Structures are given as structure tokens and as C-alpha cells.
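Q: predicted model, plus sequence, below.
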Amino acid sequence: MTKKPSRMSRAEFQRFLDSIIGSFVAIPLNGEFGFGRVAREARIACYDIKAPVILPVAQIREAPVLFVVGVDFDAYTSGRWQIIGREPLEPFLAAPVKFFRQDVFTGAIDIYLEGEFQPYAGEDLDKMERLVSWSDHRVEDRLRNHFAGRPDPNTESLKVKPLSAFPPSAPKATI
């Protein structure tokens, strides 16, 4: 088992990151497998494909991507997700990904990109993920719910909240 990132030196951590980018992973889903790919900044891009056996990387790569989210590094070091191959990232997976952040008290929104926060400028937040770090179990739940045709409670709880959901006395941001 790989050393936990919190126990790695800066150099070890960078080598670890470099070693997993582009990796395809098999994600266990109750006797079947979902599939993902480690994208830039160690995010996981999950594909819209599942199977009772581990599929060839070429077949996985052809499936559409369902979502790209940040994940806890333990997802990669726990041994739950099996690395099944590694290839250079396609441009769309190597590109920066925008995430939104919403203040829990005021509803104010800003956009995270490349390690920095930018003011919200009218982006379509329904097409953007909230800036959170998902655990391996939550990613697995989200995939199971998707393949079962059910809404995922975790995903639903992370959607942008309307400003009316915040106390009237709180300073407001424009959405």
C-alpha cells in the first residue's frame, strides 16, 4: 500500500501525483465495476459505463464522461480502486476545470480555477460541480445511483442554492 499523502514529503507527494495522472481505475460497484480516470490535479473523471468484469482501457476511453470531481487522495491509496492502465490525458481531461464555491451564510458565489478564486461572472452553475473533495465511497454511491436511474442525494445536496434559501439579513451576491 502507498504511503498516505499526509505522511509524504513534498517531493514524494509530487512523484505520487505524477505517477497517477492518466491512470484508468476500476471502481467496485456491488459485484460490477464502474470506471474512472485520474485527471489533472488528481481529480477523477468517471465514465458512463459499467460492466461485470474489468474492461479494456480502449473500451472505457470511448465512453462519455459523466462527471469530473476532486477526490480525497485516500481514494487512490486505499486499494479500493484498482489501477488498470495509464495513458496520456486527452486535451479535454488535461484542461483546467472550473468549480463553484457558495458561502454557507450569505450565498455569495465565486469560481475556483487553477488554484485561485475568481468573482462569479454569470457562468452556468448547473453545469459546474461544487468545489468539494469526494471520498471514494461517495463517488461509488454516485455511480451506483446513476446506473440505477436514481438521483444521488450527495450530488443533490451540493447543487447551488437559490439566494432565497439564505437569511434576509445576510449580505447578498448576485446570481
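A: Structure received.
Q: skipping adjacent residues, who's closest to the residue nearest to the spatial centre of the chain in space?
A: Centroid check for the chain by CA atoms, centre = their mean gives residue 69 as the closest residue, at 1.3 Å. Leaving aside its chain neighbours, residue 69 sits nearest to residue 134 (5.0 Å; criterion: CB to CB, 6 or more residues apart in numbering). Quick note: C-beta positions are derived from backbone N, CA and C, even for glycine.
Q: beta-bridge partners for the one you found, please?
A: residue 71 (DSSP bridges).
Q: verify the contact between it and residue 68 for me.
A: No. Contact criterion CB atoms under 8 Å: residue 134 and residue 68 do not qualify, at 10.7 Å.
Q: quick check: neighbours shared by the two?
A: In terms of CB atoms under 8 Å, 6 or more residues apart in numbering, residue 134 and residue 68 are both contacted by the residues residue 44.
Q: so the two - more neighbours on which side?
A: residue 134 (23 against 19; other CB atoms under 10 Å).
Q: re the thing from before, and the pLDDT for the residue nearest to residue 69?
A: With respect to pLDDT, residue 134 scores 95.
Q: check residue 4 too.
A: pLDDT recorded at residue 4 is 67.
Q: give me the helices and strands touching the helix or strand hosting the residue nearest to the centre of the chain, please.
A: In this structure, residue 69 is located in strand 65-71 according to DSSP states H and E. On a contact count with 3 or more CB pairs under 8 Å, 6 or more residues apart in numbering; DSSP states H and E, strand 65-71 meets strand 44-51, helix 91-94, strand 129-130, strand 133-134, helix 136-148.
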